[in-house]
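Asks: got a sequence here, can you model it:
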Amino acid sequence: MSQTSHPEAASQTAAEPVGLAEEPPRRSGWSARFATRPARALRQLGRASRRVAAAEAVTCSPAPPESPTRPESPTRPEPPPRPVLPPGRPAPAPRRSWPGGFRDRLTSPVPTFQELLAVTWHGMLRPGIGDADRIPVHRNGLAHVTGTAAVVTWVGHATYVVQIGGLTVLTDPVWARKIPGSRPRLTPPGVAWADLPRIDAVVISHNHYDHLDAQTVRRLPRSTPVLVPAGLRSWFTRRGFRHVTELDWWESTWVGGVRFDFVPAHHWSRRSVWDTCKTLWGGWVIASEDQTIYFAGDTGYGERFAQIGARYPGGIDLALMPVGAFEPRWFMKAVHVDPAQAVRACQDVGARRMATMHWGTFVLSGESLLAPVEEARAAWAEAGRDRVDLWDLAVGESRVLKT
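Replies: Sure thing, here's the model as predicted:
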């Protein structure tokens, strides 16, 4: 799929967002030939182009029709037909051809090195951790699923164990004691690794270290189905994973009887200084016949929440929403919602309940440790929502989602 064929890209101009400098073009061998022997270079280029075109006509199949899971209308699309597959195996997906990057999907410039240096130098990302012992931890093991109920268990940060439709799904699994660039985790994982059942699927929202942890990934069986954003498949196949499905926004796949939709977010991606926005980012809508759960991943606030809600007019039963890592606001607002915005986003997507995450595990920002959950409770009450529908879980706590 070309970068300009995506509906999101069609609404963008060819230029990058303001504040993102274009990389200077490299001087190739062709440019040197044009400078010294233009006529000969043009003839050689023409012959090469004709050879490539002839090869493509033989080897390339016609472009597939536009995916039915990315309609222009605001109504929820009909799901693709569910494949007949062995339990726990994802629908087979062909290898994809992606653009060189996804900067055209940004809604704000990525943080600059100067901005990061400023907040670090002034200690804005190093709050005191004296309240760490007040973060609630309940390590009572996973709840047992009965009937058609679904169960979510907060492991910590953006990691949830989601039991739905007969599957056990991990979201952004991080069991590491420490991730690069942060203090050691404040609380232990809410579920011991040894207590996990067989994992039927893993969903990844993006490649930042607090959401994609190499230490944890190495502990997974290589036969585990992994669902990832566009461009991230090779990171897993290099590590031996055999069932990796990468999706663009508004695309879907099935694992067993559960449908996984990859949806937009206001964020970005990077794991090194050389790969900024080379892979996509987003959230996941996980739907069985009985429940629909939205995992937001990591995101700022914006119009994409309403777009998600428009595609699920029947409503979402539960939104797993980030509420932490929001201060200083001038630095974080483009990529992280604050608690009040998380509540507003929950309303935008049409979710009946909200479960909090992205707090109480790693120190990534400047707010006090308990501010995310305390402010989320206040914003929920101010919005007039029923207190029972705010799942401000303790680390390790489970909650049953009934039909």
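Asks: hey, let's count contacts and neighbours off CA atoms from now on
Replies: Fine.
Asks: next, count neighbours for the residue nearest to Val337 when sequence neighbours are not counted.
Replies: Nearest non-adjacent residue to Val337, counting by C-alpha to C-alpha, 6 or more residues apart in numbering: Gly300, 4.5 Å away. Close neighbours of Gly300, defined as other C-alpha atoms under 10 Å, add up to 23.
Asks: pretty sure Thr187 contacts Thr361?
Replies: Yes. If you go by C-alpha atoms under 8 Å, Thr187 and Thr361 touch, sitting 5.6 Å apart.
Asks: what sits in contact with each of those two?
Replies: By C-alpha atoms under 8 Å, 6 or more residues apart in numbering, Thr187 and Thr361 have these common neighbours: Gly156.
Asks: more crowded one of those two?
Replies: Set side by side, Thr187 and Thr361 show unequal neighbour counts under other C-alpha under 10 Å, the larger going to Thr361 at 26 against 19.
Asks: beta-bridge partners for Ser398, please?
Replies: Taking DSSP bridges as the rule, Ser398 bridges to Thr153.
Asks: OK, contacts around it?
Replies: Taking C-alpha under 8 Å, 6+ apart as the test, what Ser398 contacts is 142-143, 151-154.
Asks: could you dump these into TSV with neighbour count added?
Replies: Below are the contacts of Ser398 laid out as TSV (neighbours: other C-alpha atoms under 10 Å):
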residue	neighbour count
Leu142	22
Ala143	15
Val151	20
Val152	26
Thr153	25
Trp154	29
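Asks: let me know the closest of those to Ala132.
Replies: Trp154 (17.1 Å; C-alpha to C-alpha).
Asks: what pLDDT does the residue nearest the centre of the chain get?
Replies: Nearest to the geometric centre of the chain sits Ser205, at 1.7 Å (C-alpha atoms, centre = their mean). At Ser205, the pLDDT value in this model is 98.
Asks: phi, psi of it?
Replies: phi -90, psi -40 (degrees, to the nearest 10).
Asks: ditto for Val400
Replies: Dihedral angles of Val400 (phi, psi; degrees, to the nearest 10) stand at phi -90, psi 130.
Asks: how many residues are close by the closest residue to Gly165 other than its chain neighbours?
Replies: Once flanking residues are discounted, Gly165 sits nearest to Ser288: 5.3 Å by C-alpha to C-alpha, 6+ apart. Look at Ser288: counted by other C-alpha under 10 Å, it has 19 neighbours.
Asks: same thing with Thr112?
Replies: 12.
Asks: now do Pro189
Replies: 22.
Asks: now swap in the one 3 residues further on and tell me
Replies: The burial count assigned to Ala192 is 15, neighbours taken as other C-alpha under 10 Å.
Asks: got it, and Gly297?
Replies: Residues near Gly297, counting by other C-alpha under 10 Å, number 26.
Asks: same deal with Met332?
Replies: Met332 is flanked by 18 other residues according to other C-alpha under 10 Å.
Asks: measure stretch 379-395 end to end?
Replies: Stretch 379-395 has an end-to-end distance of 21 Å (C-alpha to C-alpha, to the nearest Å).
Asks: quick check: buried residues in it?
Replies: Residues of stretch 379-395 classed as buried by neighbour count (16 or more other C-alpha atoms under 10 Å): 379-380, 385, 390-395.
Asks: could I get the pLDDT score of the nearest residue to Ala143 once chain neighbours are set aside?
Replies: Distance criterion C-alpha to C-alpha, 6+ apart; nearest residue to Ala143, sequence neighbours excluded, is Ser398 at 6.3 Å. According to the prediction, Ser398 has pLDDT 97.
Asks: for Pro77, same thing?
Replies: In this model, Pro77 carries a pLDDT of 45.
Asks: looking at it, the residue nearest to the centre of the chain is touching Val285, isn't it?
Replies: No. Using C-alpha under 8 Å, Ser205 is not in contact with Val285; the gap is 11.1 Å.
Asks: so who does the residue nearest to the centre of the chain touch?
Replies: For Ser205, the contact set (C-alpha under 8 Å, 6+ apart) comprises 171-172, 211, 228-229, 281-284, 296-298.
Asks: mind listing the strands for the stretch 51-200 of the chain?
Replies: Secondary structure of the stretch 51-200 of the chain (DSSP state E, counting those that start in this stretch): strands located at 150-156, 159-164, 167-171.
Asks: deepest-packed of those strands, please.
Replies: strand 150-156 (a mean of 27; mean count of other C-alpha atoms under 10 Å).
Asks: I'd like the average pLDDT over it.
Replies: Taken as a whole, strand 150-156 has a mean pLDDT of 98.
Asks: what number of residues lie near Arg238?
Replies: Neighbours of Arg238 using other C-alpha under 10 Å come to 9.
Asks: make residue 1 into 55 and carry on from there
Replies: Okay, using 55 as the starting number, the last item reads as Arg292.
Asks: which residue packs closest to Ser306, ignoring adjacent ones?
Replies: In space, and not counting its chain neighbours, Ser306 is closest to Asp315: 4.3 Å by C-alpha to C-alpha, 6+ apart.
Asks: perfect, I'm done here.
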